[in-house]
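A.B. asks: Quick one: sequence plus predicted model below, questions after.
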Amino acid sequence: MSIEKASAAVVNFAPEKGSVEIRDIALPIIGEDDVLLEVANVGVCGSDLHQWTADHSWQVNYPVVLGHEFGGHIVSLGSRVQGWKEGDRVVSETAAVINPNSPLSRSGQYNLDPDRKGFGYGVNGAMTRFVSVPARCLHRVPENLPFEQACLTEPCCVAFNAVVENSRVKPGDRVVVIGPGTIGILCAAMAKLCGGDVAVVGLEPDRNRLEIARSYGCEAIIGDATEWARRRDGLGADIVIDAAGASITLKTALQLVRPNGHITKVGWGPQPLGFSLDPLVQKNVTLQGSFSHNWPIWERVIALLASGTLDVRPIIGGVWPISQWHEAFEKMHKGEVVKSVLKPL
């Protein structure tokens with residue numbers, strides 16, 4: 001296979017709003033422990049949109065190629081890479097740079113390593129044809145799992161970590177998910193797999209996305225979810241998962257959760273809170289953050305996707321070529337689709 005020396009890429013080039021454009025970038029140079037991956041599909045994440053609209057709260061290494069939800073085929077390998085070969089079908093984790101000697105990395109929690117840098121903000125991501133990936137980030141993709149679905153392993157892992165690891169949803173739990181974006185709907189789907197009784201809450205513009213949540217067997221609620229949360233015994237939801245991209249929704253979560261209940265915050269919101277946390281104390285509520293994922297979560301999620309136990313097809317609103325990135329971003333930003341997927345070729 002011939003490999004071009006340059007490829008078109010979706011580049012976030014400055015911190016100002018709208019600073020994203022197509023640029024030609026050079027073929028990545030891989031290190032001894034890396035592989036060169038030809039990208040088959042890459043998902044558009046809410047964080048890509050936040051960098052495009054310049055309302056993110058994390059440091060970005062400009063200019064940077066966007067995209068961290070991706071899969072494809074290995075086309076070349078570094079000299080020290082073992083266990084992989086050209087042509088292997090893989091997806092990649094997001095922790096492109098970690099400190100392998102940090103206590104967190106040594107304990108398998110490299111997703112929380114302070115030195116971690118991810119694809120799409122810390123190093124070049126996958127909204128292009130070729131990307132350099134550390135071999136430690138790779139996971140095999142079964143032949144029966146199309147890349148259009150496999151590239152969404154990453155947001156599914158975010159949901160698994162939030163729901164299974166950090167919320168510990170049990171059969172019969174009443175779970176409210178705030179925010180019907182990709183992560184919110186996947187959290188709801190994961191909570192249903194755990195046996196939860198699940199409602200997803202959004203606003204009037206979210207009506208179409210809430211219908212997709214309904215297809216996963218969830219209650220879809222526009223506006224106030226208080227009545228649903230208190231329907232069982234008048235006390236509130238066992239668990240509230242805040243997957244909205246705003247800080248103020250934590251106030252709603254505190255209103256909906258029952259005494260001695262649990263709130264998991266997985267959605268980013270850079271705004272100051274501006275309200276009292278006294279209900280957290282008065283209700284004896286556990287407030288849990290949830291960030292990223294690690295190796296065993298990826299292996300579990302790929303198994304769920306490959307078996308069909310977790311089906312991401314309902315959230316995929318379309319596949320666009322890289323050249324039409326703007327339309328794909330707009331569709332997600334306006335809430336017309338839950339998830340846009342790009343295809344470099």
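C.D. replies: Yep, it's here. Numbers count the residues shown, from 1 in each chain.
A.B. asks: Now do stretch 58-70: distance to the chain's middle.
C.D. replies: Centroid separation for stretch 58-70 versus its chain: 14 Å, with Cα atoms, centre = their mean, to the nearest Å.
A.B. asks: now do stretch 286-293
C.D. replies: 13 Å.
A.B. asks: what's it in contact with?
C.D. replies: Defining contact as Cβ atoms under 8 Å, 6 or more residues apart in numbering, one finds that stretch 286-293 is touched by 93-95, 111-112, 154, 157-158, 160-162, 165-167, 261-266, 280. No exception for glycine: its C-beta is placed from N, CA and C like everyone else's.
A.B. asks: one more time with 7 Å, if that's ok
C.D. replies: Under the contact criterion Cβ atoms under 7 Å, 6 or more residues apart in numbering, stretch 286-293 has outside partners 94, 111-112, 157-158, 160-162, 166, 262-266, 280.
A.B. asks: Taking those together, which two end up most distant?
C.D. replies: Maximum pairwise distance in these, criterion Cβ to Cβ, is 30.1 Å, between 94 and 280.
A.B. asks: what about the two, which has more around it?
C.D. replies: Neighbours per residue (other Cβ atoms under 10 Å) separate residue 94 from residue 280, with residue 94 holding more: 23 against 16.
A.B. asks: got the contact list for that one?
C.D. replies: Applying Cβ under 7 Å, 6+ apart, we find residue 94 in contact with 68, 118-119, 154, 292.
A.B. asks: repeat that with 8 Å
C.D. replies: Residue 94 makes contact with 68, 118-120, 137, 154, 292, according to Cβ under 8 Å, 6+ apart.
A.B. asks: among the residues you listed, who's most crowded?
C.D. replies: Greatest neighbour count in the contacts of residue 94, by other Cβ under 10 Å, goes to residue 119: 29 neighbours.
A.B. asks: just the contacts of residue 94 now: which is nearest residue 198?
C.D. replies: Comparing these against residue 198 with Cβ to Cβ places residue 154 closest, at 21.8 Å.
A.B. asks: Can you give me the pLDDT of that closest one?
C.D. replies: Here, the pLDDT recorded for residue 154 equals 98.
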